[in-house]
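K.L.:
Turn this into a model:
(one chain, ligands or ions: 1)
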Amino acid sequence: MRVVVGVSGGIAAYKAAELVRALQRQAVEVHVVMTAAAQRFVQPLTFAALTGYKVFTSLWEEASDPGAEQKGIDHIAEAQWADALVVAPATANILAKFAHGIADDFLSTLYLATTSPVLVAPAMNVNMWNHPATQANVATLQDRGVRIIEPGTGELACGMVGEGRMAEPEAIAAAVLGVLGRRNDLAGEVVLVTAGGTREALDPVRFIGNRSSGKMGYALAEAARSRGAKVILVSGPTGLRAPRQCEMVQVTTAEEMRSAVLARMNDATLVIKAAAVADYRPVSVSEQKLKRTGSMTLELAPTEDILAEVVRRRRPGQLIVGFAAETENRMENGRAKLMKKGADAIVVNDVSGEGVGIDADTNAATFLSAATSVEMPEMPKRELADRILDEILALRRPRPLVAEFGEHQDAKTRDEQSAQDRVLSESMPSGAGRRQLIVE
Ligand code: CTP
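P.N.:
Next comes the predicted model:
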């Protein structure tokens, strides 16, 4: 595994040396990139000695070398070399550059050029951290899938006490290993994702639809792709850009979505039905635009339940996961839906709250299968997508015969939990990511 550690200019720069060490102890090969400001705090020589590699400090420094042209694209070569990029410490300045796509030094160009997972460990004065500009930049990065390793609270270099202390190097290394653990864990899988809402025409210009933005399904497609799966994305109309390297199938109606899914489901090893499919369609569609002629009654007919049909036609080994959008009795309805549809799992969303669920950038969910119920607290949809994929993969693993683990787990169970699960649950707010095994 190969990691680029980016060091930007903060007093915590010296702790990056410990991070390099912590990663190397886990057999990770490390390269280091430093910004100009970082070099005011720590000499590149420190990192060169630790890693045994040249430290990248500038896009241009080698311009007088005979091989200068080659050096000019070092940032691209590094971007491709890295299995992950972690920036620690990440200053307010580098977060702002990343968020706005400013590419004026080695680290910021490398960030834009890499398609590997990116983690940042912010470190700065408490007021700088709390400033709306910084918080907006962090939110932007988080929405794009950058993993934020939250700073801790304590005494800061400036003498103030508050949030802004860089996370400990061991915790940062653990987060990096957690992300790397997911790399390519879906290689060989073909994931069919449905996303967005369908539209059922009333006349040439009107339709019955819903507020689904497609963001959750697109995040799942993107996450599955970045974990090595071949992805087929069947999408209703959305305003979203197609995720890269996915086979895109655009549909409009529930019936078109059904045909597209049934035609491709045999290729899939995993089907995730995140789409908000219309439950009803108008019995007749007017060829001409309907005129206003007083009150009107629409006759609707139910659409086919695509998820139920996919379950009926499944082939052995195929995993099928549905979603459930609920506004009341979330768990009860979710469990009933799991039984009724016969899927391997249902991701239950509460769509009644502000800011979560339909059309929002964040979501909270409960992952329900016959044997487990995993609470996933509110987080960006891209992060939630990875958590959902983690749980889907866990369906393939045999389950230990333990009644419950989470907050009350004993040491043995904890050891049995994968390193990745540990990193995830430790990086969540308390009580989050709690997993309950239901023994029936
Ligand atoms: N679904 C489907 N075809 C439909 C309706 C829903 O495949 N015609 C799928 C959705 O993609 C989702 C799951 O079924 O994965 C549950 O969708 P949801 O709208 O929550 O439930 P419904 O089955 O429509 O039940 P209800 O609206 O009565 O809650």
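K.L.:
Could you verify that Ala325 is part of a strand?
P.N.:
Yes: per DSSP: H, G, I helix; E, B strand; the rest coil, Ala325 lies within a strand segment.
K.L.:
which residues touch the closest residue to it other than its chain neighbours?
P.N.:
Distance criterion Cβ to Cβ, 6 or more residues apart in numbering; nearest residue to Ala325, sequence neighbours excluded, is Val351 at 4.6 Å. C-betas here are computed from N, CA, C, even on glycine. By Cβ atoms under 8 Å, 6 or more residues apart in numbering, the contact list for Val351 reads 325-327, 357-358.
K.L.:
For the ligand, state which of those is nearest.
P.N.:
Taking Cβ to the nearest ligand atom as the measure, the ligand lies nearest Ala325 of the contacts of Val351, at 4.3 Å.
K.L.:
That closest one reaches Asn349, doesn't it?
P.N.:
Yes: with contacts counted by Cβ atoms under 8 Å, Ala325 reaches Asn349, the gap being 5.2 Å.
K.L.:
quick one: which of those two has more around it?
P.N.:
Neighbours of Ala325 and Asn349, each counted by other Cβ atoms under 10 Å, are more numerous for Asn349; the result is 24 against 20.
K.L.:
Other residues contacting the helix or strand hosting the more buried one?
P.N.:
In the assignment (DSSP states H and E), Asn349 maps to strand 345-350. Contact partners of strand 345-350, identified using Cβ under 8 Å, 6+ apart, comprise 274, 321-327, 330-331, 333-334, 337-338, 356-358, 363-369, 388, 391-392, 395.
K.L.:
what's the offset of whichever helix or strand comes after that strand from the middle of its chain?
P.N.:
Going down the chain from strand 345-350, the next helix or strand is strand 362-369, by DSSP H and E. The chain centroid and the centroid of strand 362-369 are separated by 14 Å under Cα atoms, centre = their mean, to the nearest Å.
K.L.:
try stretch 242-252
P.N.:
For stretch 242-252, the distance to the chain centre is 18 Å (Cα atoms, centre = their mean).
K.L.:
returning to that earlier point: pull out the buried residues from the contacts of strand 345-350.
P.N.:
Among these, the ones that count as buried by 16 or more other Cβ atoms under 10 Å are 274, 321-326, 330, 333-334, 337-338, 356-358, 363-369, 388, 391-392, 395.
K.L.:
Within range of the ligand, give me the residues from the stretch 201-350 of the chain.
P.N.:
254, 273, 275, 277, 279, 303, 305-307, 322-325, 337 (Cβ under 6 Å from any ligand atom).
K.L.:
among the residues you listed, which are in helices?
P.N.:
Counting by DSSP state H, the part of those found in helices is 254, 306-307, 337.
K.L.:
Reformat these as CSV; add pLDDT.
P.N.:
Shown next, in CSV, are those (pLDDT from 0 to 100):
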residue, pLDDT
Ala254, 98
Ile306, 98
Leu307, 97
Lys337, 94
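K.L.:
Dump those to JSON lines, plus distance to Ala224.
P.N.:
JSON lines is the format used below for these (distance: Cβ to Cβ, whole Å):
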{"residue": "Ala254", "distance to Ala224": "23"}
{"residue": "Ile306", "distance to Ala224": "19"}
{"residue": "Leu307", "distance to Ala224": "18"}
{"residue": "Lys337", "distance to Ala224": "23"}
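K.L.:
Which member of those is positioned nearest Arg211?
P.N.:
Nearest to Arg211 among those is Ala254, at 16.2 Å by Cβ to Cβ.
K.L.:
What is the end-to-end distance of stretch 83-101?
P.N.:
This stretch, stretch 83-101, spans 21 Å end to end (Cα to Cα, to the nearest Å).
K.L.:
what comes up buried for that stretch?
P.N.:
Buried residues in stretch 83-101 (16+ other Cβ under 10 Å): 83-99.
K.L.:
can I see the domain layout of this structure?
P.N.:
Domains of the chain are assigned by automatic domain parsing as 2-182, 190-397.
K.L.:
So what's the gap between the longest one and the chain middle?
P.N.:
The offset between the C-alpha centroid of domain 190-397 and the centroid of the whole chain comes to 17 Å, using Cα atoms, centre = their mean.
K.L.:
start to end distance for it?
P.N.:
18 Å.
K.L.:
Next: the first one.
P.N.:
Distance between the two ends of domain 2-182: 14 Å, counting by Cα to Cα.
K.L.:
I'd like the secondary structure assignment at Ser212, please.
P.N.:
Ser212 ends up coil, using three-state DSSP.
K.L.:
so it sits right up against Ala276, yeah?
P.N.:
Yes: applying Cβ under 8 Å, one finds Ser212 in contact with Ala276, separated by 3.7 Å.
K.L.:
Can you check which residues contact both of the two?
P.N.:
196-197, 236, 358.
K.L.:
for the stretch 151-300 of the chain, what spans make up the strands?
P.N.:
152-155, 161-165, 190-195, 200-201, 207-208, 230-235, 247-250, 270-273, 280-282, 300-302 (DSSP state E, counting those that start in this stretch).
K.L.:
can you put the ones you listed in TSV and add mean neighbour count and mean pLDDT?
P.N.:
As requested, these are exported to TSV (neighbours: other Cβ atoms under 10 Å; pLDDT from 0 to 100):
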stretch	mean neighbour count	mean pLDDT
strand 152-155	12	84
strand 161-165	19	87
strand 190-195	28	98
strand 200-201	19	98
strand 207-208	18	96
strand 230-235	25	98
strand 247-250	15	98
strand 270-273	27	98
strand 280-282	17	97
strand 300-302	11	97
